[in-house]
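Undergrad: Provided below for reference: sequence and predicted model.
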Amino acid sequence: MSETKPIVGYAVYPPALPGLPYLAVTLLPDGKVEARQFESAEAANLYIVKLSKGSLIPQSRKH
């Protein structure tokens, strides 16, 4: 039996301009993309680690 991974890929982007947040972008197995904002790179990376281990559930929405 194959196990579905919580995420297939990810990236953490630094702010494009001063005052903007860091973005944690995750690619989900169903083809959706989730982007969440964070105040620091450390917080964004911690979110990615928890999500990849299955400790968190992605909160993707259809737009």
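TA: On my side now, so go ahead.
Undergrad: how about low-confidence regions in this structure?
TA: Where the chain drops to pLDDT under 70, the residues are 1-5, 59-63.
Undergrad: those strands in it, which residues are they?
TA: All strands of the chain, identified by DSSP state E, fall at 9-13, 22-27, 33-38.
Undergrad: pretty sure residue 50 contacts residue 56?
TA: Yes - contact status for residue 50 versus residue 56: in contact at 4.7 Å, counting by C-beta atoms under 8 Å. Backbone N, C-alpha and C define where each C-beta goes, glycine included.
Undergrad: circling back to that earlier point, got a markdown table for the strands of the chain, with mean neighbour count and distance to residue 45 too?
TA: A markdown table is the format used below for the strands of the chain (neighbours: other C-beta atoms under 10 Å; distance: least, C-beta to C-beta, whole Å):
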| stretch | mean neighbour count | distance to residue 45 |
| --- | --- | --- |
| strand 9-13 | 14 | 6 |
| strand 22-27 | 18 | 8 |
| strand 33-38 | 14 | 9 |
